[in-house]
Each structure stands twice: as structure tokens, then as C-alpha cells.
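J.: Sequence first, then the predicted structure, then my questions.
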Amino acid sequence: MVDTEPLGRRERKKAATRTAILEAATALFLERGFDAVTVREIADQADVTPKTVFTHFPQKEALVFADEKERHDRLVAAVRDRGPGVSVSGALKTHYLAEIAALRTEPQSRILALMEDTPALIDYAEKMWLRHEDALIATLTEEFGLDEPSKEIRFYVRFALQIQLMAVREADPEASVDAGFRFLDRGWAHYGEGGR
């Protein structure tokens, strides 16, 4: 019992430092733009050293996407915990639309605008999103009782993740998500003249 109190205090201090860094970074990015802000300025604003910033965030872009783990967990849970009779595509469609709707509310919409103005952030966001691929593949492989993922599972997951990346930039994301999953679920052979 003696050891648990200091550990709790240490964890709280770590969380407070992380929050201070994020708040400083967000304020500076929104005020001046991502590229115009240095890690040194963020550290000064948060009253920490640049080394401390990098202890919590491996690179500057990670400061904009601090909720990556939560997004990852929500994505996997959307598939793993879907209700009876709900298809994988149906679960992902609902999840994507909820995530896109959340991105379009304050303060996330300002972060999204910042991202759209910064090629490095777009690139980082896309790579970050595609890092969820292995977890989704593993979830579906387990669900289907397979020892190894099939090629179909691998292709499905890769293409399903691309749907969200495309839809988030569209004026009508719902139509894009619907079209993407309709196309993915039916396959190219059902489109036009069989893909000619």
C-alpha cells in the first residue's frame, strides 16, 4: 500500500504535464499554424523542456493526434462489439459517420481545418489511420475462426480504411461512405460492365 500512493501521484503529474503540453501546442497551432510553431516554443509555453515534449510525443505531428489510441480502440470495438445481425461494413459505416460528425464540431473542426492546410499533418493522419489495419485484420481473422488472415480479409480491411480517408474530405460524407461500402461489398464485377 505504501508504494501505490507515490505511483498514483507520479501518474497524475505525468498526465498533467501531457495535458499542459497539448494545451500549449493546440493554442499555438491554432493561432499561428502548425509549421510556424517550434517544439521549443511549445515547451516554453508549457513550462517544460523540449526533451519532455518528445518524451510524451515522439514527433511534432503527434501533438495534433494525441487521441490516436482512443480512435484505435473505438474502431476495433465498432467491429468486435457490433450487435447481432450487423455486418462488418454496417458497423464500420456507422462508426465512420459518427467520427466524421465529431470532427466537424468545435473544437475539432478547427483542428481539421489546420490539418487541411498542412500537408505534413494530412500525411501523418493517413499513415496513422492505416496503422489500424493489423488490429482490424486480427479481429476479423479471430471472428472467422482462422489461424491466419485470408487475402480477402486483408484486402477488405485495406479498402474499408480508405473509405473513411476519402469521405472525411467530402461535402457529403454519408453519400461517400455509402458508395464506398456498396462498391466494396458488391465488388467491381457488379459495377458498370464488369469493370471494363
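T.: Now that the structure is in, tell me what you want to look at.
J.: quick check: longest helix of the chain.
T.: helix 4-32 (DSSP state H).
J.: tell me what that one is packed against?
T.: helix 39-46, helix 50-56, helix 108-116 (3 or more CB pairs under 8 Å, 6 or more residues apart in numbering; DSSP states H and E). No exception for glycine: its C-beta is placed from N, CA and C like everyone else's.
J.: Now render those helices as a markdown table, adding mean pLDDT, distance to residue 179 and mean neighbour count.
T.: What follows is the helices and strands packed on helix 4-32, written out as a markdown table (pLDDT from 0 to 100; distance: least, CB to CB, whole Å; neighbours: other CB atoms under 10 Å):
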| stretch | mean pLDDT | distance to residue 179 | mean neighbour count |
| --- | --- | --- | --- |
| helix 39-46 | 97 | 40 | 17 |
| helix 50-56 | 95 | 39 | 15 |
| helix 108-116 | 86 | 21 | 15 |
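J.: between the ones you listed, which gets nearest to residue 162?
T.: helix 108-116 (17.5 Å; CB to CB).
J.: what packs against that closest one?
T.: helix 4-32, helix 88-103, helix 119-130.
J.: I'd like to check what contacts it. Which residues are they?
T.: Outside helix 108-116, the residues that touch it by CB atoms under 8 Å, 6 or more residues apart in numbering are 26, 29-30, 33-34, 64, 102-104, 121-122, 125, 168-169.
J.: If we use 10 Å, what do you get?
T.: With CB atoms under 10 Å, 6 or more residues apart in numbering as the test, helix 108-116 has contacts from 26, 29-30, 33-34, 61, 64-65, 67, 99-105, 121-122, 124-125, 168-169.
J.: what does stretch 173-186 give?
T.: 87-90, 92-97, 99-101, 103-104, 155-156, 159-160, 162-170, 172, 190-191.
J.: ok, now stretch 13-25?
T.: 34, 37, 39, 41-48, 52-53, 55-57, 60, 62-64, 66-67.
J.: let's see it at 6 Å
T.: 42, 45, 46, 53, 56, 63, 66 (CB atoms under 6 Å, 6 or more residues apart in numbering).
J.: quick check, nearest of those to residue 74?
T.: When the contacts of stretch 13-25 are compared against residue 74 (criterion: CB to CB), the nearest one is residue 66, at 14.5 Å.
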